[in-house]
Structure formats: C-alpha cells, structure tokens
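Peer 1: just a sequence and a predicted model for now, questions to come.
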Amino acid sequence: MRGTTMEFGVLGGLSVQDSDGRHLPTAPKQRQLLGLLLLHPGEVMPIRTCVTEIWGEHPPPSAATTLQTYVMHLRRLLARMPSVGSREAAHERLRTTGQGYLIAVRTDELDLLRFERTVARADRAAGDDATVARLLGAALALWDRPVLADVRTGPVLRSAVTHWEARRLEVHERYLDARLRLGRYRDVLPELAVLTRLHPTHEALHARYMTALAQTGRAGDALAAASRLTSRLARDLGVAPGPAIERLKAVIRHGGTVPVPSVLPSLPGRRRV
C-alpha cells in the first residue's frame, strides 16, 4: 500500500516525505515553525516561544493570529499526505495544546529520534568497542549537513541547533575513541585532521589526533599539531594547554607508549599563559 510510511528529517535540511514523495512548505516562516516543532518532538512549544523564534523580541501585533495561520497551512500540507490522509489525522499530528503547539512523531519517523535511539544502544554496549563503533557510526551517518541547514533560524532555533551540533560532536568523539581502542589509527586520521581544523582550540580532539599520528609513526607531525594548538589557545583564549596535552607531548618526545585518550577536557580551563 502506497503512502503508509512517513519520515521527518532535521539532521541536515528540513525534510518531510512519505512513499508518495516529498512534502515541504515553501514559505520560510512556515519552514521555520516546522523546524522548531520537530527539534522538540512531543513537547509543547508555547505560543510566545514560537512568536519569538519567528519575529524576534519585537513581534507585530498580529503575530499570534499569523502563527495560527501558519499552523493551519502546515496541517493542510500534512492532510494532503497519503500517510496522514485526513484533516482529523493532521490535527492529531500537529496539535494545539494549552497555550502552544506540539508535533507528534514516532521514534522511527524522525531522524533525530533515531539518532538518539542508536546512541542509547551504543551506551548499552559499553565495553564492546566493535559494537559501539558500529552503532555510533550508524548514528552519525544520519547527519549529512548541520541541523536545519536550509531553514532560517531565529533566537530559539539557533540555541537548539547549537545544542544538537554539540551533541553531534560529543558522539563523534566517542566514535573516534572506540576506533582508537580498536587500533584503527590510520582510519581515523582523515576525520581527526578535519575536526582539528574545524575546532582549533579543542584539546581533546587534538589529543586524539596526536595519539593517532604517533601510533602511525608520525611523532613529528604529532608534536607539530600540539604546537599549533598551543599557539591557537594563546592567541584566541589567552590560555596554555592543560596537563593532559603536556603529558602526551612528553611521552611522544621520549618515544614512549602513547595511550589512547580517555576523558579529556573538551575546552580549556582557566589556565593563564
């Protein structure tokens, strides 16, 4: 039977589709509202929050009424989808609840929820690095671009996007650690090279990069990475690397066994240069 599967996407561009094709609002503010609701699935988003997201701190007097119109258009879009099929079902999907709106989606329908479900499975597999790496790799594969990359964002969405991008990086770090513990040093080098360029003051990523370089016989490159980190921390933040980086440098200089990083600070502390 056609049209029975429904999928929503936020881990990249905004996406709404079923087996009948893609169904997306074209109006920027409607896309903004839908993105806001999907980043908070099953959670009531107060009208005031929705208004602030779309119009900022100084909304027009008609904002609440216009918001109702946007919700009506989104429901019409959903009702036209074979996987929804009726106005009543669209109202069940996009509900008016109290003083706000809520979108109801199942875990298997939204990529964000599938991501978290897969990460939770990896949590339960702790100690089995091969399984952890496989599951976290599958979770990360759900992302193809930054969250809601093609949606205009206001203050509420910007905060939510920042949260989820930080969550993505946290999971990516755990994925890299599992692969390092499995001895896949060469495999992780390209990813770590990119990540350390994107996050030039992130000490934990640099520690992982230095470890992978040293373990593949590139001690000089590992120390050069540490030097770049030191310079960037001093220039951008006025701090020096923490003791974990200094210990790692000393081990590499003396040709010792380089440990796989365990728990390292993602950001420098209050160390002054």
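Peer 2: Thanks, I have it. Numbers count the residues shown, from 1 in each chain.
Peer 1: pLDDT-wise, which helix or strand of this protein ranks last?
Peer 2: Lowest on mean pLDDT, DSSP states H and E among the helices and strands of the chain sits strand 21-22, with a mean of 74.
Peer 1: that one pairs with which strands, and in what direction?
Peer 2: Strand pairing for strand 21-22, determined by DSSP bridges: strand 15-18 (antiparallel).
Peer 1: what about dumping the CA coordinates of the partner strand to CSV?
Peer 2: C-alpha atoms of strand 15-18 as CSV (Å, rounded to 0.1, in the frame of the first residue of the first chain):
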residue,chain,number,x,y,z
SER,A,15,12.6,17.0,5.2
VAL,A,16,9.0,15.7,5.2
GLN,A,17,8.2,12.8,3.0
ASP,A,18,6.3,9.6,2.5
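Peer 1: ok now that strand, how far from the chain's centre?
Peer 2: Distance, stretch centre to chain centre, for strand 15-18: 20 Å (CA atoms, centre = their mean, to the nearest Å).
Peer 1: after the least confident helix or strand of the chain, next one along is what?
Peer 2: Note on strand 21-22: by DSSP states H and E, the next helix or strand toward the C-terminus is helix 28-38.
Peer 1: buried ones in that following helix?
Peer 2: Lys29, Gln30, Arg31, Gln32, Leu33, Leu34, Gly35, Leu36, Leu37, Leu38 (16 or more other CB atoms under 10 Å). Heads up, the C-betas are built off the backbone N, CA and C, glycines and all.
Peer 1: could you measure from the fourth one over to Leu78?
Peer 2: To tie it back to what came earlier, the one meant is Gln32. Gln32 is 17 Å from Leu78, where distance means CB to CB, to the nearest Å.
Peer 1: contacting residues around the least confident helix or strand of the chain?
Peer 2: Ser15, Val16 (CB atoms under 8 Å, 6 or more residues apart in numbering).
Peer 1: one more time with 10 Å
Peer 2: With contacts defined as CB atoms under 10 Å, 6 or more residues apart in numbering, strand 21-22 is touched by Gly3, Glu7, Gly9, Ser15, Val16, Met81, Pro82.
Peer 1: of these, closest to Ala219?
Peer 2: Gly9 (43.1 Å; CB to CB).
Peer 1: hey, what's the closest one bridged with?
Peer 2: Ser15.
Peer 1: wait, isn't it in contact with Leu38?
Peer 2: Yes: if you go by CB atoms under 10 Å, Gly9 and Leu38 touch, sitting 8.3 Å apart.
Peer 1: which residues are in contact with each of these two?
Peer 2: In terms of CB under 10 Å, 6+ apart, Gly9 and Leu38 are both contacted by the residues Ser15, Val16, Leu110, Asp111, Leu112, Leu148.
Peer 1: what is the nearest of these to Val171?
Peer 2: Using CB to CB, these come closest to Val171 at Leu112, 12.4 Å.
Peer 1: spatially, what comes nearest to the closest one if we skip its sequence neighbours?
Peer 2: Val10 (5.4 Å; CB to CB, 6 or more residues apart in numbering).
Peer 1: ok so, going back, of the shared contacts of Gly9 and Leu38, which is the most crowded?
Peer 2: The most crowded member of the shared contacts of Gly9 and Leu38, judged by other CB atoms under 10 Å, is Leu148 (26 neighbours).
Peer 1: from Val161, how far out is the nearest residue to that one once chain neighbours are set aside?
Peer 2: Distances taken as CB to CB, 6+ apart place Gly35 nearest to Leu148, at 4.7 Å, with adjacent residues excluded. Per CB to CB, Gly35 is found 9 Å from Val161.
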